[in-house]
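Q: fold the following and give me the result.
(chains A, B and C)
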Amino acid sequence: MERPLRLISTNPLDELARTIEALLVVASQPLSLEELVAATADEAVRVEEALEVLGERYREGRSGIVLERVAGGWAFRASTAAAAACARLFERPVERGLSQAALETLAVIAYLGPCTRPEVTRIRGVNVDGVVAGLVERGLVAEAGRDEEFGAIRYRTTPLFERVFGLESLAALPRLDDLGAGADEIRARLETVAAQRSA
Amino acid sequence: MERPLRLISTNPLDELARTIEALLVVASQPLSLEELVAATADEAVRVEEALEVLGERYREGRSGIVLERVAGGWAFRASTAAAAACARLFERPVERGLSQAALETLAVIAYLGPCTRPEVTRIRGVNVDGVVAGLVERGLVAEAGRDEEFGAIRYRTTPLFERVFGLESLAALPRLDDLGAGADEIRARLETVAAQRSA
Amino acid sequence: MLAVTELELDLEAFEGPFDLLLSLVLRDEVSLRDVDLAEVVIAFVGVLAERDELDLEACGEFLVLISALLELKARGLFPDEEAELAELEPEVAAEELARRLAEYRRAKEAASWLAERLAQPRFFRLGPAPLACHGVQDRRALPPQRPEQLAAALRLLAVPPPLPSTAHMALAFPPVAQFVERWRALLRRRTLLDFDQEVRGLTRAEIAVAFLALLELRKQDELALEQAAPFAPIRISRPERERSLAWNVRSG
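A: Model prediction:
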């Protein structure tokens, strides 16, 4: 297993893996399995096998280039070990300085799915027009048609959102029930107080 | 020389090479030696050494990712062996078609005749700079002189637009008699609605 | 006797006695959005627990204050929904409010989950690669489109927006100062007032503000409040009768 892939040039799977490497290094977005299958003109099963081999080769701790499954496809990113060096050279304009309001708005749009600004406003309790415009500018949310009843523009999160937050897809968001205990936590604390009182 | 770089994890030059890999996979421009030295916070001699190691690792015939020295510095590209796959990737039709924002912007320009970005923005109620830039890049709209009053650039639809939508000319657009007789009436109606929406 | 207004609070957004929090909220210097009212409840229950017997009067007073704050907060969170909520039966409205508060809380939790993901910096390339493949250009063709899409897009742009609702204007919160003046004027003319009678015909929002104005005046010793039993009529009188108060709102 420790023999490096690249030395076995007679192995056709290795050739396929090299082609996939090439595609991923020039693509400007994550490539889905279907896109890889179409571009390599190979079989899905073999492409998946090659991706597995590449995942082993380009993994955190072993390579500066890391293959990750993100935004419904596959993409290269820098290893976390190289984050400090990357930060010296590159900006992170998409996520730099995201405010609490922006994060809440993103969360609402990500969880509700395509929704209009009035719908987000209802949950957040404050006007979100400016916040949404800022998120569109950053490319984290995009227009997704209009509400048929009122003609208001709907917004959805973009693949870039999934990439920035390292999500394989929107389904990778934690279930809301798992987030914090909320009411249960308060009840538990009240019960503790009550127990102290009766003691 | 045939021993794979990634297995010698105790070699600090290897670590430097991994950092450089990471920088190169994130960069959208070739990186100069100076930039690499600054980002890695290492010595120029060692960065050059690491680049040599990487050049050996990422070379034509051995890897799908090829390190290339160009005028501006160093950059990754796809191997020539993968050219056919790259061609299929880049020349494939875009499956998703046009966004609602793109469709609305195209509709306004097609039905109302050449318009400036501020005019389209007013009618749509959101900034269209990015959308128009995307449509120009795709060749669906093109510049058509300047607005005489304000000097803003006007945009018109292109022959490619007519081909994509299967129209012999703009006169073959579906009729919108329910919205008004002629472009001027439709424009007036859209502007009235836009004003109500922003009120 | 436990003085509710002296309850010491140590919250994320505020530190100090409860009555200071109340007056800062009334003066719009602290936003209720930032105050975790559940923490206030827990602090109060904690203080109650330290005492030997259940202080019913303090509990009653606390409930009145905290529910006024909750209503204010709820309305602040859902400003456009007042009319809709006001039309609902009280129990249904309370459930609806609770549901929306939970929704908001979950949005906040999801936001902090997202913020944690950002703490780990992730670098990837934005935009096209510096060098592509030799001899290959990014020429993406567009598949054929239907012109009807264009007509539909323009028709949607011509849909007039719904008329703005004016219902919220009827339910907007009147300034507390207006009710402060009203109570003062009434007390100049009469010595004893009945709260329910005076607020009859007012909206729920106005009643809440009227009550807050009352508490404010009580705090400034301009009047006295009397309630024989929980849910009994609240009697308002000039401060001379203060000594006979059955339930104590801390003065000064």
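Q: pLDDT weak spots in chain A?
A: A:1-11, A:93, A:125, A:176-199 (pLDDT under 70).
Q: what does stretch C:213-220 rub up against?
A: C:5, C:19, C:22-23, C:26, C:65, C:176-180, C:182-184, C:195, C:223-225, C:236, C:249-252 (Cβ atoms under 8 Å, 6 or more residues apart in numbering or on different chains). To be clear about C-beta, it is placed using only N, CA and C from the backbone, and glycine gets the same treatment.
Q: what residues sit buried inside stretch C:144-158?
A: C:145, C:147, C:149, C:150, C:151, C:153, C:154, C:156, C:157, C:158 (16 or more other Cβ atoms under 10 Å in any protein chain shown).
Q: how about stretch A:90-101: buried residues?
A: So, applying 16+ other Cβ under 10 Å, buried residues of stretch A:90-101: A:90, A:92, A:94, A:95, A:98.
Q: now, which of those residues sits nearest chain B?
A: residue A:90 (5.9 Å; Cβ to the nearest Cβ).
Q: for the closest one, give me its contacts.
A: Here residue A:90 is in contact with B:26, B:27, C:123 (Cβ under 8 Å, 6+ apart).
Q: need phi/psi at residue C:147.
A: phi -60, psi -20 (degrees, to the nearest 10).
Q: again with residue A:73
A: The phi/psi pair for residue A:73 (degrees, to the nearest 10) is phi -160, psi -160.
Q: related to what we said a few turns ago, which of the contacts of stretch C:213-220 fall in helices?
A: Members of those lying in helices (criterion: DSSP state H): C:19, C:22-23, C:26, C:65, C:176-180, C:182-184, C:195.
Q: three-state assignment of the closest residue in space to residue C:236 that isn't next to it in sequence?
A: Leaving aside its chain neighbours, residue C:236 sits nearest to residue C:193 (4.2 Å; criterion: Cβ to Cβ, 6 or more residues apart in numbering or on different chains). With DSSP: H, G, I helix; E, B strand; the rest coil as the basis, residue C:193 sits in strand.
Q: element containing residue A:94, please.
A: Under the assignment given by DSSP states H and E, residue A:94 is not contained in any helix or strand.
Q: and it, how far is that from residue C:144?
A: According to Cβ to Cβ, to the nearest Å, residue A:94 and residue C:144 sit 34 Å apart.
Q: ok, residue C:162 - how many residues close by?
A: 12 (other Cβ atoms under 10 Å in any protein chain shown).
Q: so where is chain C shaky, pLDDT-wise?
A: C:1, C:75-94, C:96-98, C:127-128, C:132-141, C:163-173, C:240-252.
Q: can you give me the helices for it?
A: C:18-26, C:37-50, C:56-77, C:82-86, C:90-119, C:148-157, C:167-171, C:176-189, C:195-199, C:204-219.
Q: and the contacts of the first one?
A: What that stands for is helix C:18-26. C:4-9, C:14, C:30, C:32, C:35, C:40, C:65, C:69, C:72, C:176, C:212, C:215-216, C:219, C:250.
Q: rerun that using 6 Å as the cut-off
A: C:5, C:7, C:9, C:14, C:30, C:32, C:176 (Cβ atoms under 6 Å, 6 or more residues apart in numbering or on different chains).
Q: which one of the residues you listed is nearest to chain A?
A: Using Cβ to the nearest Cβ, these come closest to chain A at residue C:32, 10.3 Å.
Q: how far away is that closest one from residue A:143?
A: For residue C:32 relative to residue A:143 (Cβ to Cβ), the value is 33 Å.
Q: with residue C:183 instead?
A: For residue C:183, the distance to residue A:143 - Cβ to Cβ - is 52 Å.
Q: I'd like the distance between the closest residue to residue C:147 other than its chain neighbours and residue B:179.
A: Nearest residue to residue C:147 in three dimensions, chain neighbours excluded: residue B:165, at 4.7 Å (Cβ to Cβ, 6+ apart). Distance, residue B:165 to residue B:179, using Cβ to Cβ: 19 Å.
Q: give me the three-state assignment for residue A:154.
A: Relying on three-state DSSP, one would call residue A:154 strand.
Q: quick one, which of the ones in helices among the contacts of stretch C:213-220 are buried?
A: Buried by 16+ other Cβ under 10 Å: C:19, C:22, C:23, C:26, C:65, C:176, C:179, C:180, C:183, C:195, out of these.
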